[in-house]
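**Q** Could you look at this predicted model? Sequence included:
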Amino acid sequence: MIRLSSFFSKRKTKDEKALIRFIVKRFGYHPKKTSYFFQAITHKSLSNNSDSESSNERLEFLGDSILDAVVAEYVYSRFPDDDEGYLTKIKSKLVSRKTLSLIAEEMELREVIRYQRGRTINLNTLEGNAFEAIMGAIYLDSGYEAVKSSINNHVFKKYVDLNRVLEEEIDFKSKLFIWSQKNQFKLDFVVLSEENHGGNWTYTVLATVNEKHYGRGVGSSKKMAEQAASKETLELIGDV
């Protein structure tokens, strides 16, 4: 026979329900043990004032390591033909404090973070730290595959513009342009083909230097294809 006190003790509080809804909506994950997630959103400024509160610093440490592994695997699979140096740069960009803070800001993570109001605290930093802590909470709650699924199938698809990240971090075109100017060479990019398959565009671009053919690049946008063509050109001239 189930005792009524036991039944009612298992009912979620209003705060628990609100946090669960937030995690499901923003991370695509349904929490099992909500205490992990309350800790993940608790800043030390609040925990220092209460013996019953634990800050998210330990979860942040754990989440940072798990996130690093998940993103490394993602980049490795996403760019099968690129070398270690390129993969390292992309991974570093994706897990950088700036990127994580931007993702957290898009998620409006500050709306659920628990911290001592009235103190001068950098909310962007708080959000980035809480994001990592939530990764740690998901890992403790369900394991590595749950974190991987959240990042690959929800966070990256909804909150990360990978094309913009690539263009900002790996600007091979600018590097090639500077090299061409320095040597007084004429640099041009020729679009060889534009194909549309099911609404997805694929561009093939050729880089020419003094009207001689060099690198070719393929991408989902002209900018991406030009970057790829520039990268191959720099490799051909031995400047990468």
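**A** Structure's in. What do you need?

**Q** for the spatially most central residue of the chain, what are its contacts?
**A** Of all residues in the chain, the one closest to the mean position by C-alpha atoms, centre = their mean is Leu94, 4.5 Å from it. For Leu94, the contact set (C-beta atoms under 8 Å, 6 or more residues apart in numbering) comprises Val71, Tyr74, Val75, Val160, Val165. (Each C-beta comes from the backbone N, C-alpha and C, glycine too.)

**Q** Just the CA coordinates for the longest helix along the chain, please, in PDB.
**A** Scanning the chain for the helix with the most residues, using DSSP state H, yields helix 57-78. Presented in PDB, the C-alpha positions along helix 57-78 are these (Å, rounded to 0.1, in the frame of the first residue of the first chain):
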ATOM      1  CA  GLU A  57      31.900  25.300  -9.600                       C
ATOM      2  CA  ARG A  58      32.500  21.600  -9.300                       C
ATOM      3  CA  LEU A  59      29.900  20.900 -12.000                       C
ATOM      4  CA  GLU A  60      31.400  23.600 -14.100                       C
ATOM      5  CA  PHE A  61      34.800  21.800 -13.900                       C
ATOM      6  CA  LEU A  62      33.200  18.500 -14.900                       C
ATOM      7  CA  GLY A  63      31.100  20.000 -17.600                       C
ATOM      8  CA  ASP A  64      34.100  21.700 -19.200                       C
ATOM      9  CA  SER A  65      35.900  18.400 -19.600                       C
ATOM     10  CA  ILE A  66      32.800  16.600 -20.900                       C
ATOM     11  CA  LEU A  67      32.000  19.400 -23.300                       C
ATOM     12  CA  ASP A  68      35.600  19.400 -24.600                       C
ATOM     13  CA  ALA A  69      35.400  15.700 -25.500                       C
ATOM     14  CA  VAL A  70      31.900  16.000 -27.100                       C
ATOM     15  CA  VAL A  71      33.000  18.900 -29.300                       C
ATOM     16  CA  ALA A  72      36.300  17.200 -30.200                       C
ATOM     17  CA  GLU A  73      34.300  14.200 -31.400                       C
ATOM     18  CA  TYR A  74      31.800  16.400 -33.300                       C
ATOM     19  CA  VAL A  75      34.600  18.400 -35.100                       C
ATOM     20  CA  TYR A  76      36.500  15.200 -35.900                       C
ATOM     21  CA  SER A  77      33.300  13.700 -37.600                       C
ATOM     22  CA  ARG A  78      32.200  17.000 -39.200                       C
END
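
**Q** moving C-terminal of it, what's the next helix or strand?
**A** helix 84-94 (DSSP states H and E).

**Q** Now do that next one against helix 57-78, angle only.
**A** For helix 84-94 against helix 57-78, the angle by axes from the mean of the first three to the mean of the last three C-alpha atoms, to 10 degrees is 140 degrees.

**Q** any idea whether the closest residue to Val24 other than its chain neighbours is helix, strand or coil?
**A** Nearest non-adjacent residue to Val24, counting by C-beta to C-beta, 6 or more residues apart in numbering: His30, 5.4 Å away. Three-state call for His30 (DSSP: H, G, I helix; E, B strand; the rest coil): coil.

**Q** and which of the contacts of Leu94 is nearest Val24?
**A** When the contacts of Leu94 are compared for distance to Val24 (C-beta to C-beta), Val160 wins out at 19.0 Å.
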